[in-house]
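> Below is the sequence, then the predicted model.
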Amino acid sequence: MPVTSKFVALKNYIPTGLPKETDFEIKTKEISLDAKNNILVLNLWISVDPYMRARMTERKNYKPPFNIGEEMEGYALGIVKESKDKNFKEGDIVFSNFGMRDYFVCNSNDLKKIEPMNIPIQTYLGPLGMTGHTAYIGLFKHGELKPGQTILVSSAGGSVGSTVCQIAKNMGCKVIASTGSDEKVKWLKNDLKIDHAFNYKKIENLVLHLKEVCPEGFDLYFDNVGGDFLESAIFQMKNFGRIVICGRISQMNATNPGSGLKNMAHVLVKRLTIKGFIIFDHENDREQFETDMTKWLLEDKIKFKETVYEGIENTPKSFIDLLEGKNIGKMLVKI
Ligand SMILES: NC(=O)c1ccc[n+]([C@@H]2O[C@H](COP(=O)([O-])OP(=O)(O)OC[C@H]3O[C@@H](n4cnc5c(N)ncnc54)[C@H](OP(=O)(O)O)[C@@H]3O)[C@@H](O)[C@H]2O)c1
């Protein structure tokens, strides 16, 4: 029997600037099972992620632009409603890349079954999902994190950043966290027990501030924002320090490209390593991450905070609000 699927589509590409709700539309279409797509799923949770901004431009990137007028993609967790595949049955909870919509049809190659554990299922879009994996791979594989190091984390009140902070604390590191609101500072300090957290929007001179709060300097900077913050952090790196370039959200909506780093001399003299990475290159490198993260979650060593918007119609707003910093922890849409 056909089902009506409601989905979010991009109306036009957004080359620069903050997206507006009018850049998106909510559309519907009739879908039904066929010989190729023999499983019907209803999404329960949709992941809202900054990388989607790059797919809203026509610029070459590591993922192609979204198709105008068609379903946007993204990670999601759903429940199987009907299945003609012997490996999936009604009621199974499944992970897919068919986000930004409610109902969809697909086949077993497109789905990963989630075995229920004693944690909320949406954790599979947060610490046990792509953002937790990003924190883990960024810290251990690219940052070569060692116990007792001093680390700086930007966008620390967000999904990746808050996980980075907690993993580093669990490793016995000293963590300095930057975030964009007093509420997030409070959460980082009081609930996550981060050594020092500050609201970067209230800091007049970031170079001096970093020097003041961490005179010994940083072994590792986990960079989620790029731009001027990165330049300021470089000044306070220790010799042989490492900078992991995870994101550049401060520049994602920029209307001009800004100037380049003016302190590359520090990179040379301090013999720094600056390393970018994309988590999609590490899809087959999840085993140790899943083992460690599951253990930490069950032992309450990683706390998960989420900001939830309800209904597919609110998905465009959730994305814009994510870019504006209105989330604490992981931004999710609940269907
Ligand atoms: N390399 C990879 O494979 C990979 C994978 C996943 C995510 N990422 C990147 O990791 C970063 C964090 O992702 P996430 O999913 O955890 O998002 P998030 O941190 O939960 O949310 C985005 C946050 O960015 C901050 N922000 C927005 N504009 C900013 C600006 N101009 N300057 C500084 N901060 C700004 C806001 O927090 P404030 O209140 O702090 O401003 C906002 O809450 C993003 O840059 C993302 O692109 C990279």
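Everything's here; your move. Residues are numbered from 1 along each chain as shown.

> Of all the residues in the stretch 51-200 of the chain, which one is nearest the ligand?
At 1.8 Å from the ligand, Gly158 is the closest residue in the stretch 51-200 of the chain, using CB to the nearest ligand atom. Where C-beta positions appear, they are placed from N, C-alpha and C, glycine not excepted.

> Near that residue, how many other residues are there?
Gly158 is flanked by 29 other residues according to other CB atoms under 10 Å.

> repeat for the one 10 residues further on
Ala168 is flanked by 26 other residues according to other CB under 10 Å.

> so it is in which element?
Using DSSP states H and E, Ala168 maps to helix 159-170.

> what about stretch 129-141, average pLDDT?
The average pLDDT for stretch 129-141 rounds to 98.

> what does it rub up against?
If you take CB atoms under 8 Å, 6 or more residues apart in numbering as the criterion, stretch 129-141 is touched by 47, 49, 75, 95, 123, 125-127, 145, 159-161, 163-164, 167-168, 220, 222, 244, 246, 277, 279, 282, 285-286, 289, 292-293, 302, 330.

> Quick check: pLDDT value at the residue of the stretch 51-200 of the chain closest to the ligand.
Per-residue pLDDT puts Gly158 at 98.

> who in the stretch 151-300 of the chain is up against the ligand?
Applying CB under 6 Å from any ligand atom, we find that the stretch 151-300 of the chain lies next to the ligand at 155, 157-161, 179-181, 184, 224-225, 246-247, 249-250, 277-279.

> which of the residues you listed count as buried?
155, 157-161, 179-181, 184, 224-225, 246-247, 249-250, 277, 279 (16 or more other CB atoms under 10 Å).

> In strands, which of those residues appear?
Among those, DSSP state E puts Thr179 in strands.

> what residue lies at the spatial centre of this protein?
Geometric centre of the chain, nearest residue: Thr131, 4.3 Å, by CA atoms, centre = their mean.

> Restrict the helix or strand hosting that one to CA atoms and write it as PDB.
Element membership for Thr131, per DSSP H and E: helix 130-137. Extracted in PDB, the C-alpha atoms of helix 130-137 (Å, rounded to 0.1, in the frame of the first residue of the first chain):
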ATOM      1  CA  MET A 130      29.400   9.900  13.600                       C
ATOM      2  CA  THR A 131      30.100  12.700  16.000                       C
ATOM      3  CA  GLY A 132      31.500  10.400  18.700                       C
ATOM      4  CA  HIS A 133      33.500   8.600  16.100                       C
ATOM      5  CA  THR A 134      34.900  11.900  14.900                       C
ATOM      6  CA  ALA A 135      36.000  12.900  18.400                       C
ATOM      7  CA  TYR A 136      37.600   9.500  19.000                       C
ATOM      8  CA  ILE A 137      39.500   9.200  15.600                       C
END
